[in-house]
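Participant: Dropping a prediction and its sequence here:
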Amino acid sequence: MQKQPCAPAKADSWPRLDRRTALTAAAALDWPARARAQVAFPSRPVRIIVPATPGGAIDITARLLAERLPASWGQSVVVENRAGANNIIGTEAIARSAPDGHTLGISAVTHAINVALYRLPFDTLRDVMALTTAYSVPLVLVAGPDFPAARASELIDRSKRRPEGVTFAGTGGITHLAWELFALQSGAKLVHVPYRGSSAAHPDLMAGRVDVMFDTMAAVLGHIRGGKLKALAISTAARSPLLPDVPTVAESGLPGFEASSWGVILAPSGLPEPVAAKISADINLQLRTAEVQERMVALGAEVRGTSVEEAQTFVRDEVAKWPEVAARVGIERQ
């Protein structure tokens, strides 16, 4: 007589696993995924790509970190300068690197401004991620000692009363775009006088041949303290400890105004969250040391050291700010 195959047991008749056995089994099944997530960092030397030539603020910051991080990481940290195309070449190299923490980068405000100026070979927000905003460099609104305005609000009023407006020295980059942002928000009548650089503009500013300019703290602090220039306002959201008596532009009648140079630590997008958090925390720890802060002050910079989330929000806000300003100037993306 042919035997009939046994019917499968009903689900409710199967043996039940106790909670501990079930959790152990689930953990064993999940182990490969957890092992992949726990990327060992660092397991080899780390490089920091600087998309600019040696000597500037981002390069100096990268080298300060490269000297100090090996003590924490047990691996060497090297700085690689990849200058060219307004920081685009180096930033693309960061974006195309493996997201394992062993390739980092640092960039300045150009990182955000480039979105408004160029058709980039990478997506600034999608392909690279910010790990910490390392520092900010306030811009100072300065005038010659005889200029008949002591605050930004007085400058705005004066520009509107004079048919010819007020002249400003434009030196390109963030210092020029800060003026366009200022005019956009205030309605001030400003006339651009171009200069190749701030050092070329300073003698004319001191002599009253041009009225005002925005320049970095490092470039003008000595002139302000020497009485050759006077500070009307600071461009950042908070006052600078280097010039604590000088109000911000926002305090002077333009709420929300903020423009500065800055340095942000970058990594390729896709960096595992634990690695991103570790790198950010380790870098911030070094930024807060007395020696690093002293060097940053000498650059006219203010150490920030933010979380990953704060840094990413900051960069998104900066990227959103400049296209409207560039459009005002009549700049079309290349």
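Facilitator: Yes, it's here.
Participant: how much space is there between the residue nearest to Arg162 when sequence neighbours are not counted and Asp211?
Facilitator: Leaving aside its sequence neighbours, Arg162 sits nearest to Lys189 (CB to CB, 6 or more residues apart in numbering; 7.4 Å). In short, each C-beta sits where N, CA and C put it, glycine included. Lys189 is 11 Å from Asp211, where distance means CB to CB, to the nearest Å.
Participant: Could you do Gly101 as well?
Facilitator: Relative to Asp211, Gly101 is positioned 48 Å away (CB to CB).
Participant: now Lys160
Facilitator: The spacing between Lys160 and Asp211, counted by CB to CB, is 14 Å.
Participant: now swap in Phe122 and tell me
Facilitator: 40 Å.
Participant: The two: who's more crowded?
Facilitator: Between Phe122 and Asp211, counting by other CB atoms under 10 Å, Asp211 is the more crowded of the two (24 against 17).
Participant: Which residues are in contact with Asn86?
Facilitator: By CB atoms under 8 Å, 6 or more residues apart in numbering, the contact list for Asn86 reads Thr110, Asn114, Leu117, Tyr118.
Participant: May I ask which of the residues you listed has the most neighbours?
Facilitator: When neighbours are counted by other CB under 10 Å, Asn114 leads these with 21 neighbours.
Participant: following the helix or strand of the chain with the lowest mean pLDDT, which helix or strand comes up?
Facilitator: Using mean pLDDT, DSSP states H and E, helix 19-37 stands out as the lowest-scoring helix or strand of the chain, at a mean of 41. The first helix or strand that comes after helix 19-37 along the chain, using DSSP states H and E, is strand 46-50.
Participant: what's the distance between that following strand and the middle of its chain?
Facilitator: Strand 46-50 sits 16 Å away from the centroid of its parent chain (CA atoms, centre = their mean, to the nearest Å).
Participant: which intervals of this protein have sub-threshold pLDDT?
Facilitator: 1-39 (pLDDT under 70).
Participant: how about 50 then?
Facilitator: 1-37 (pLDDT under 50).
Participant: domain parsing for it?
Facilitator: Domain assignment for the chain by automatic domain parsing gives 46-136+260-329, 138-252.
Participant: what about the shortest one, how long is it end to end?
Facilitator: Looking at domain 138-252, the gap from its leading to its trailing residue is 16 Å under the measure CA to CA, to the nearest Å.
Participant: do you know how far the most centrally placed residue in the chain is from Gly330?
Facilitator: Here the mean C-alpha position of the chain is nearest to the C-alpha of Val264 (CA atoms, centre = their mean), at a distance of 3.8 Å. Remark: distance between Val264 and Gly330 (CB to CB) = 28 Å.
Participant: circling back: give me every residue that touches the residue nearest to Arg162.
Facilitator: Per CB under 8 Å, 6+ apart, neighbours of Lys189: Ser159, Lys160, Arg162, Gly165, Val166, Ala183.
Participant: Could you turn the buried ones of those residues into a ChimeraX selection?
Facilitator: Only the buried entries of the contacts of Lys189 go into this ChimeraX selection, using 16 or more other CB atoms under 10 Å:
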select :159,165,166,183
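Participant: export the contacts of Lys189 to a markdown table and tack on secondary structure?
Facilitator: Shown next, in a markdown table, are those (DSSP: H, G, I helix; E, B strand; the rest coil):
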| residue | secondary structure |
| --- | --- |
| Ser159 | helix |
| Lys160 | helix |
| Arg162 | coil |
| Gly165 | coil |
| Val166 | strand |
| Ala183 | helix |
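Participant: Now tabulate the contacts of Lys189 in CSV and tack on distance to Leu271.
Facilitator: Below are the contacts of Lys189 laid out as CSV (distance: CB to CB, whole Å):
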residue, distance to Leu271
Ser159, 47
Lys160, 49
Arg162, 53
Gly165, 48
Val166, 46
Ala183, 39
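Participant: Need the max-distance pair from the contacts of Lys189.
Facilitator: Maximum pairwise distance in these, criterion CB to CB, is 14.4 Å, between Arg162 and Ala183.
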